[in-house]
Structures are given as structure tokens and as C-alpha cells.
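A.B. asks: build me a model from this:
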Amino acid sequence: MTKSSTHLQARGFASLLLFIHLLVPGGVFSQAHPQRRTAAPLAWPQITQQMKPWTRWWWQGSVVNGKDLTTELEKYRRAGLGGVEITPIYGVKGEEGRFIKFLSPQWMAMLQHSLKEAARLRMGVDMATGTGWPFGGPWVGDSDAPKYFVHKTYNLKGGERLSEPVAYVQRPLLRAVGRHAHISEIKDPVSANENLQTLALDQVRFKKPLPLQALMAYSDKGETLNLTDKVDPNGTLNWVAPAGDWKLYALFQGWHGKMVERAAPGGEGNVIDHFSAEALRNYLGKFDRAFAGRDTKPLRAFFNDSYEVDDADGDANWTANFFDEFRARRGYDLREHLPALAAQDSDEKSARVLYDFRETISDLLLEKFTITWRQWAAGRGAIIRNQAHGSPANILDLYGASDIPETEGTDIVRMKFASSAANITGKTLASAEAATWLNEHFTSTLSDVKNAVDLYFLGGINHVVYHGTPFSPPSEEWPGRLFYAAVHFGPTNSLWNDFLALNEYVARTQSFLQAGRADNDVLLYYPIHDRWSERGTEMMVHVGGGHDSGITLDGAQGMLNNGYTFDLISDRQLADVSFATNSLRAGGLSYKVIVLPESRLIPLKTFEKFVELARQGATIVVVKSLPSDVPGWGNLDGRRNTLRQLIARLRFERTDDAGIESANVGSGKFLRGSDLKRMLSVAGVRREAMTDQGLQFVRR
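C.D. replies: Predicted structure coming up:
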């Protein structure tokens with residue numbers, strides 16, 4: 001062993017400590033003689049394919065063949081990999097004549113061959129529900145593609161008619177990867193264009209009139225009129241303004257134009273509308289037809305890469321029936337409040353209507369996309385592995401609705417969104433797209449990878465999926481096929497010779513992490529509502545991705561630094577929490593307290609749940625101050641008054657510990673103060689003091 005590898009081992013050992021609370025039968029370690037045991041020793045958990053690390057397996061251009069697929073899978077198994085995630089991606093230049101179109105009979109034959117060979121090798125297989133990212137393809141038409149809204153205003157006085165048509169023409173736009181082109185070169189629809197691989201389109205908007213969604217008139221006297229049905233097909237408004245000053249708001253639906261990024265042959269085209277179950281079902285119908293009559297049962301899971309619809313020009317923030325969905329969820333008609341949506345009403349009302357808009361988007365992404373996709377996969381005998389980060393939603397709910405929530409990155413608090421959702425909802429696995437972009441190709445070391453993987457373990461992740469391994473036939477000249485995103489986990493990399501050693505370490509660690517259960521003390525409430533009520537620079541708030549870094553909660557990193565363990569929890573998940581036998585219960589796990597971070601806004605139902613849990617005996621730890629108001633616009637006075645009444649009933653008194661106040665509620669209490677560490681100690685929450693020495697740990 002070289003000095004450098006010895007140093008790696010020592011550093012790695014210090015970086016990851018795994019606490020396992022074992023229930024051991026009394027006689028297991030009893031000895032009649034120092035050299036002899038009377039019972040069998042504890043056995044190491046049996047290593048399964050799911051405990052080994054997996055890898056994303058890029059099929060570039062889907063230029064694959066049965067013989068080489070078998071050869072590559074055999075290499076992966078010998079290197080200690082437990083499974084692969086098949087993701088078709090853009091093709092290799094010069095190989096165009098050998099491209100296999102996604103979901104074609106020939107492509108399906110290659111998938112079936114891979115499934116059969118992986119089963120023979122006792123390896124697992126997942127499959128991306130599409131090519132590149134996000135979901136989409138040439139069979140996604142305009143009606144199922146992502147949409148946005150734009151508004152236009154007109155002013156009229158009593159007795160006047162609108163002289164111009166109610167119309168809006170979409171500005172043309174073209175974005176492509178690695179080349180300069182003009183929209184005039186692109187045919188409408190995009191699927192009509194030849195050589196889409198070379199075009200590498202990222203976003204396309206054609207110059208065209210946008211369909212009117214609503215025309216509303218608002219008077220200076222507070223009157224509101226819906227004029228939508230008074231606009232003829234030519235955009236002429238057949239209406240004379242009554243007495244007074246009137247401002248008209250026209251809302252139009254545009255085509256966002258996001259294309260599948262790095263699409264494989266046969267997968268180029270529009271991304272889907274993630275807020276429409278119909279659009280998703282139409283998209284998945286292509287898979288149903290391709291899979292018909294074929295044995296795909298060995299397929300474990302369908303995979304979704306992170307939500308990256310809006311890494312383009314403008315947000316995809318609309319769907320065709322948004323007004324109906326909004327009214328069903330928020331209890332009022334958004335059309336009557338378009339000035340507030342456009343930030344042209346009072347600051348407070350505009351913030352509240354915007355909040356309701358964002359919450360509706362979150363609901364639709366959960367119900368129409370995540371849950372609908374999971375139900376479809378279940379119908380095919382599979383589960384879903386889902387990267388929810390970057391979504392314009394409460395990602396804890398999206399992760400919670402996923403069979404295997406998956407994270408990425410290097411921030412432990414961010415990782416805990418996925419692992420917390422798995423714990424809170426009773427899931428066995430929380431996965432990670434691991435070691436993405438560590439260093440450039442062939443320059444990352446195994447020690448770099450190990451340090452990255454250890455961070456995931458510390459964040460509660462127990463199922464590593466490397467990013468990644470391009471399929472590359474052995475006959476290819478070195479270095480073979482490469483994917484632009486490092487690290488290169490392929491046989492042509494010199495680290496491959498020692499890859500097994502790292503993978504055995506990962507498998508040993510994951511065997512315990514998967515066999516055990518999380519042992520965290522704190523439920524940390526995620527207060528997204530203040531952020532949803534801030535206008536900001538974008539209509540939508542993207543959580544946990546490149547758009548928004550505001551996921552580090554007040555106190556979250558501090559708790560980790562001070563040796564406290566926690567799981568994040570959303571409003572929706574909090575509704576299922578119970579209190580019994582002196583502990584909070586969620587997902588079959590026990591917790592000591594709930595921490596309510598400092599925030600101004602909280603939903604009434606959420607605060608009512610806090611009070612109910614306290615009455616039953618729970619301790620609610622409040623950082624600095626209680627929320628003072630409810631978010632949103634619907635039934636504002638009623639919700640606000642009830643919240644204030646609940647808060648007024650809490651009688652806080654100073655405790656013996658200076659700076660901490662306590663309010664008894666039933667059998668439990670609320671603790672309030674600015675020193676979270678001190679409050680947790682008063683609440684009886686244990687702390688792992690090893691963090692004072694710079695050590696980190698995960699506790700099972």
C-alpha cells in the first residue's frame with residue numbers, strides 16, 4: 001500500500017462514522033472460553049445487487065449491439081457494480097448510419113437483451129423514461145408541450161370601444177447547443193426538421209398569434225367583468241365600456257418551446273407539460289405501444305432526471321386548464337384578480353395571489369406529473385426513481401411521492417431533502433446521482449470519488465448511482481466513447497483497475513445503511529411559505545436546483561455542526577405525524593421534537609397540527625418567534641383570525657434557563673428562544689459531541 005493510499009484510508013475512516021444501534025440476542029457474545037464462542041458470531045448482511053453501487057449507462061445514439069452489451073455488463077459486474085440505469089443520449093459524430101431510434105423495435109430488442117443479460121449476471125436495470133432530459137420527444141405536439149402566460153393591458157373610459165384587436169404575437173426564439181442558427185432555418189413543427197441530432201435544439205418558439213385565455217375588465221369603482229366571450233375570432237372586442245374608468249387585462253397562452261436536452265435519435269422534440277396528466281399519459285402511451293407484447297418485467301424502475309424545463313428563456317408556468325385547477329384548490333377565481341398576479345395591485349394582495357399561484361403549480365406538479373407517473377410505472381410492475389430538485393414546488397412532497405427519491409450535489413442539507421422524504425414516508429432507499437463533475441475526464445481519483453460518496457452517506461443516502469458510464473464497444477480506439485459530464489466511470493479509465501476496491505467499500509457501507517432505519521431525533525419543519533410570497537425576479541420558485549440556493553434553513557446546518565440529527569418535513573407530510581408512547585411518529589420512526597424555524601407565514605392547518613400534537617404530549621421548539629400570519633388570499637380574514645386566536649391562547653412564561661420561554665398545551669408544550677442548541681438540550685434531545693472534534697456521522 002502506498003503512502004498516498006494509506007493517507008486516503010485514514011482520512012476516509014475519519015470522514016464517515018456510522019452509528020448502528022443493534023439489538024443483540026443475549027447469548028451471541030457469551031463465551032465459555034476466551035478462544036471459543038458458544039454461538040455463531042453476527043454475520044455481515046448479505047450483499048445484494050441493490051446494496052452495490054449502480055451507474056448511469058449512457059447509450060450514445062443507441063449505437064449498441066447484443067454482443068458488446070453482454071461484454072460491457074460482464075465488466076461492470078466484475079468491477080463490483082450492482083446495476084445500470086439506461087439513458088439514451090445524443091449520438092457520436094460519424095456514427096449516424098448506425099443510430100437506433102428510441103423505442104423502435106430494434107431499440108426494444110436491445111433493451112430486452114440487456115434485461116436478460118443483467119438478470120443472468122444478477123444485476124439490476126433502471127431506465128430513463130425518455131432520452132436526455134426532461135421527458136419529451138417528437139410525438140409531443142403543441143397541445144401537450146409546456147406553456148407560459150403573458151398579459152397585455154388596455155385602458156377605456158365609459159362609452160368607448162377598444163379600437164385595436166385583443167391579440168398577442170409570440171416573439172420568435174431559437175436556442176441550440178454549441179451552434180448559432182436562426183429561427184428561419186427551422187420548420188414548424190420541429191419534428192418536421194431533418195438531422196435533429198446536428199441541430200441540437202434547446203428551445204424553439206415560432207412567431208405566431210397566441211390563444212386568448214381570458215379578458216377581464218376592472219373599473220375604478222371595484223367592478224369586475226369577464227369579457228372573454230365578447231372577443232370574436234379576429235380579436236375584435238364587441239363591448240362598450242360602461243361609465244367610469246376601466247382597465248382591461250388580457251391573458252394569453254404561449255408555447256414555452258423547451259426541447260429535450262441532449263436527446264437521443266428518435267427522442268428529439270418538445271418537452272411535456274408537467275402540469276397536465278393528459279399530456280403525461282399521451283407521452284407514456286408511446287412506451288405502452290413499444291412495450292406491448294415484450295417482457296420487461298426485470299426492469300426495476302423508471303427514472304426522471306432533475307426538473308430542468310426552466311433552464312431556458314422564461315418559465316413554463318401555465319397549463320390549459322389552469323384557471324379551473326386554481327379555483328378548485330384555492331377557492332376563488334384567479335381571473336378576478338389578474339392585476340394582483342401581474343403585481344399591479346397592492347403589495348400585500350399581489351404577494352398573496354402570487355403565493356396561491358405558486359402553491360397551485362406545486363400541487364399540479366405533484367398530482368398531475370409525479371403521482372400519475374408513479375401509478376403508470378406501478379401498472380407496468382416497476383417503481384420510479386425521481387430527482388425532484390430544481391422543481392417549482394415543495395420538493396419534499398415530490399420526493400415523498402417517489403419510490404426512490406434521488407438527490408445530487410455536494411451540500412448535505414440539500415441531500416437531506418431526499419433522504420428525509422424517504423424516512424418520513426417509510427421508503428427503504430434514498431439515492432444519489434453521485435460524483436458528477438468532480439474534475440475533468442481522467443483526472444478524478446478514487447479518493448475524490450470516495451470523499452464525494454461519503455458526503456452522501458452522511459446526508460442519509462444509501463443507494464449510490466455513479467454519473468456515469470458511456471457504453472463503448474471494446475473495439476473502439478482508446479479512449480472510446482465519452483460523455484461530456486465527468487467523471488468517466490468506464491473501463492478505458494485507468495482507475496478501473498482499482499474500481500472494485502472502492503465499490504466493495506460502498507457495498508459494505510450501503511449494506512448496513514439499507515438494512516437499518518434512520519435514527520434521527522428532530523423533525524425540522526420546512527417553511528416554504530415566506531419564499532413563495534416574495535415576488536423576486538421569476539414568477540416561479542425553483543427549489544434545490546441551480547435556480548435557487550435558498551434551501552439552507554435557519555438552524556439546519558447549525559444542528560448538523562452541533563451533533564443533532566433531523567429529518568425535514570413538509571406541511572403535507574406533517575398532517576400524517578402522530579404522537580404516541582412519548583414520541584412523535586412518522587414513517588414508522590420515532591422523533592423527540594419538532595423544530596419550527598423562524599418564519600412570518602404559516603398555513604392555518606399546519607399550526608393547528610402543531611397545537612394538536614402539543615396537546616397530545618409533543619414538544620414544539622420555536623426558533624426566535626412564532627409565525628404571525630397565514631399565506632395566500634382565499635378566505636384570508638377567517639384563516640387569519642383563527643390563527644391569531646390559537647397563538648393568543650399560548651401563554652409563554654420564562655423557564656429556569658434564561659432566554660427560553662415555555663407554553664404548556666395539554667400534555668405537551670411550546671418552547672421559544674433564539675438559541676436552538678440550548679432549547680434542544682432543554683427538550684431532552686441528545687447530541688453527538690464528536691462534532692466538536694470535527695467529525696461527522698450518520699446514525700441508524
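A.B. asks: now residue 128. Nearest residue, chain neighbours left out?
C.D. replies: In space, and not counting its chain neighbours, residue 128 is closest to residue 87: 4.2 Å by CB to CB, 6 or more residues apart in numbering. C-beta here means a position set from N, CA and C on the backbone, and glycine is covered the same way.
A.B. asks: so that neighbour makes contact with residue 62?
C.D. replies: No - using CB atoms under 8 Å, residue 87 makes no contact with residue 62, being 10.4 Å away.
A.B. asks: mind checking which of these two has more residues around it?
C.D. replies: With neighbours defined as other CB atoms under 10 Å, residue 87 and residue 62 compare such that residue 62 has more, 27 against 23.
A.B. asks: could you measure from the closest residue to the more buried one other than its chain neighbours over to residue 476?
C.D. replies: Leaving aside its sequence neighbours, residue 62 sits nearest to residue 100 (CB to CB, 6+ apart; 4.0 Å). Noted for residue 100: a distance of 17 Å to residue 476, by CB to CB, to the nearest Å.
A.B. asks: higher neighbour count, those two?
C.D. replies: Shown here are residue 100 and residue 476; by other CB under 10 Å, residue 100 has more neighbours (23 against 13).
A.B. asks: how many residues are close by residue 163?
C.D. replies: The burial count for residue 163: 9, using other CB under 10 Å.
A.B. asks: got a pLDDT number for it?
C.D. replies: We note a pLDDT of 96 for residue 163 in this prediction.
A.B. asks: swap in the one 3 residues further on?
C.D. replies: In the prediction, the pLDDT value recorded for residue 166 is 98.
A.B. asks: that one touches residue 231, doesn't it?
C.D. replies: Yes - contact criterion CB under 8 Å: residue 166 and residue 231 qualify, at 5.1 Å.
A.B. asks: all strands of the stretch 451-600 of the chain, in order?
C.D. replies: Using DSSP state E, counting those that start in this stretch, the strands of the stretch 451-600 of the chain run over 463-470, 522-525, 566-569, 578-580, 583-586, 589-591, 593-596.
A.B. asks: which element is residue 249 on?
C.D. replies: strand 245-255 (DSSP states H and E).
A.B. asks: packing partners for the next helix or strand after that strand?
C.D. replies: The element immediately downstream of strand 245-255 (helix or strand, assigned by DSSP H and E) is strand 270-271. Judged by 3 or more CB pairs under 8 Å, 6 or more residues apart in numbering; DSSP states H and E, the packing partners of strand 270-271 are strand 136-137.
A.B. asks: what sits closest to residue 684 if chain neighbours are left out?
C.D. replies: residue 592 (6.6 Å).
A.B. asks: is it true that that neighbour touches residue 685?
C.D. replies: Yes - between residue 592 and residue 685 there is a contact at 4.9 Å, judged by CB under 8 Å.
A.B. asks: who touches both of residue 166 and residue 231?
C.D. replies: Contact criterion CB atoms under 8 Å, 6 or more residues apart in numbering; residues shared by residue 166 and residue 231: 212, 215, 237.
A.B. asks: ok, and the most crowded of these?
C.D. replies: Counting neighbours by other CB under 10 Å, residue 215 comes out on top of the shared contacts of residue 166 and residue 231 with 26 neighbours.
A.B. asks: which SSE is it in?
C.D. replies: strand 212-219.
A.B. asks: does anything pack onto that strand? Which helices or strands?
C.D. replies: For strand 212-219, the packing partners by 3+ CB pairs under 8 Å, 6+ apart come out as strand 224-226, strand 245-255, helix 338-341.
A.B. asks: mind putting the ones you listed into JSON lines with mean neighbour count and mean pLDDT?
C.D. replies: Shown next, in JSON lines, are the helices and strands packed on strand 212-219 (neighbours: other CB atoms under 10 Å; pLDDT from 0 to 100):
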{"stretch": "strand 224-226", "mean neighbour count": "15", "mean pLDDT": "98"}
{"stretch": "strand 245-255", "mean neighbour count": "20", "mean pLDDT": "98"}
{"stretch": "helix 338-341", "mean neighbour count": "22", "mean pLDDT": "98"}
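A.B. asks: can you give me the first-to-last residue distance of stretch 487-503?
C.D. replies: 15 Å (CA to CA, to the nearest Å).
A.B. asks: ok, the most centrally placed residue in the chain - contacts?
C.D. replies: Nearest to the mean C-alpha position of the chain, by CA atoms, centre = their mean, lies residue 388 at 1.0 Å. Residues near residue 388 by CB under 8 Å, 6+ apart: 306, 307, 370, 395, 398, 399, 402, 405, 417, 418, 544.
A.B. asks: who's in contact with the closest residue to residue 368 other than its chain neighbours?
C.D. replies: The shortest distance from residue 368 to any non-neighbouring residue, by CB to CB, 6+ apart, is to residue 277 (4.3 Å). Residues counted as contacts of residue 277 (CB under 8 Å, 6+ apart) are 367, 368, 369, 372.
A.B. asks: and the third one, that's in a strand?
C.D. replies: No - counting by DSSP: H, G, I helix; E, B strand; the rest coil, one finds residue 369 to be helix, located in no strand.
A.B. asks: just the helices from the stretch 1-150 of the chain, written as ranges.
C.D. replies: 3-15, 66-78, 105-120 (DSSP state H, counting those that start in this stretch).
A.B. asks: tell me the mean pLDDT over the longest one?
C.D. replies: For helix 105-120, the mean pLDDT works out to 98.
A.B. asks: buried residues, that helix. List them.
C.D. replies: 107, 108, 110, 111, 112, 113, 114, 115, 116, 117, 118 (16 or more other CB atoms under 10 Å).
A.B. asks: can I get these in TSV with distance to residue 219?
C.D. replies: As requested, the buried residues of helix 105-120 are arranged in TSV below (distance: CB to CB, whole Å):
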residue	distance to residue 219
107	60
108	61
110	64
111	61
112	65
113	68
114	65
115	65
116	70
117	71
118	67
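A.B. asks: no more questions from me, cheers.
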